[in-house]
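[1] what follows is a predicted structure for the sequence shown.
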Amino acid sequence: KDMQVGEPGYSLQIGLPRLADALDSVMEDSDRYSLVVDLGGMATTFFQYRDCNLLNYCKPSDIEPERIRKGLLGALRYGKPFVLDTMSVALEKEEVEAIFDAVSPGLLGRVVSKAILKEEHYAALIRDADGEDYSLTLGGWRESTTAHFHFVVLSRLPLPPEWCTERFFILKVAG
């Protein structure tokens, strides 16, 4: 059966030059965030040179709870992508949930469902030590900026796990 654009399991194959536009379109038009399948190995480099908070799932220091909290909070505050590079590791839902749960129970669900865009949810991540830039009263949080937040999972595996195809818009990037 033909799949409709945007329905769970649908994927779109694009060239690297179209990645920025495709991410913008998904952010604006989809109720899901993006899983970028890096078929050519260049999407990783693309994100390394973008204004985004990029964490490597395979690097223990990158998946420490405080690093995830600060990366997520910064991406929300400044309206930019929060990218989790999983390299060629098969993503087990329970493992990904566990690293986010270490920050706050149920956090992955709030991120994937976009509930994290609501002040009541991102405010729970703010700590006094984060300083004035992150203060809800002094920091200049704006819904129009936070709306540009985009959660991106980056993978080099050609076939994403089923739990990802149900929850993310799949962009396969060739070349």
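    Yes, it's here.
[2] every contact and neighbour count from this point should use C-alpha atoms.
    Noted.
[3] list the helices and strands the top helix by length along the chain packs on?
    Longest helix of the chain, by residue count under DSSP state H: helix 65-78. On a contact count with 3 or more CA pairs under 8 Å, 6 or more residues apart in numbering; DSSP states H and E, helix 65-78 meets strand 53-56, strand 81-85, helix 93-101, helix 143-146.
[4] try 7 Å
    Applying 3 or more CA pairs under 7 Å, 6 or more residues apart in numbering; DSSP states H and E, we find helix 65-78 packed against strand 81-85, helix 143-146.
[5] so which of the ones you listed gets nearest residue 174?
    Nearest of the helices and strands packed on helix 65-78 to residue 174, taken as CA to CA: strand 81-85 at 16.7 Å.
[6] which SS class is residue 18?
    Following DSSP: H, G, I helix; E, B strand; the rest coil, we place residue 18 in the helix state.
[7] and it, how far from residue 70?
    29 Å (CA to CA, to the nearest Å).
[8] out of those two, which sits in the busier spot?
    When residue 18 is set against residue 70 and neighbours are counted by other CA atoms under 10 Å, the residue ahead is residue 70, at 17 against 11.
[9] on that earlier part again, turn the helices and strands packed on helix 65-78 into CSV, columns for mean neighbour count.
    Formatted as CSV, these follow (neighbours: other CA atoms under 10 Å):
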stretch, mean neighbour count
strand 81-85, 23
helix 143-146, 15
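[10] JSON lines for those, including mean pLDDT and distance to residue 163?
    Conversion of those to JSON lines gives the following (pLDDT from 0 to 100; distance: least, CA to CA, whole Å):
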{"stretch": "strand 81-85", "mean pLDDT": "97", "distance to residue 163": "16"}
{"stretch": "helix 143-146", "mean pLDDT": "92", "distance to residue 163": "26"}
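[11] okay if I get the ones you listed as CSV plus distance to residue 92?
    Compiled in CSV, these are given as follows (distance: least, CA to CA, whole Å):
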stretch, distance to residue 92
strand 81-85, 14
helix 143-146, 28
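[12] what's the closest of those to residue 114?
    Of the helices and strands packed on helix 65-78, nearest to residue 114 by CA to CA is helix 143-146, at 11.0 Å.
[13] all helices of the protein, in order?
    19-29, 43-48, 65-78, 93-101, 107-112, 119-122, 143-146, 162-167.
[14] beta partners of the spatially most central residue of the chain?
    Nearest to the mean C-alpha position of the chain, by CA atoms, centre = their mean, lies residue 151 at 1.8 Å. Note on residue 151: beta-bridge partners by DSSP bridges are residue 82.
[15] show me what contacts it?
    33-34, 81-83 (CA atoms under 7 Å, 6 or more residues apart in numbering).
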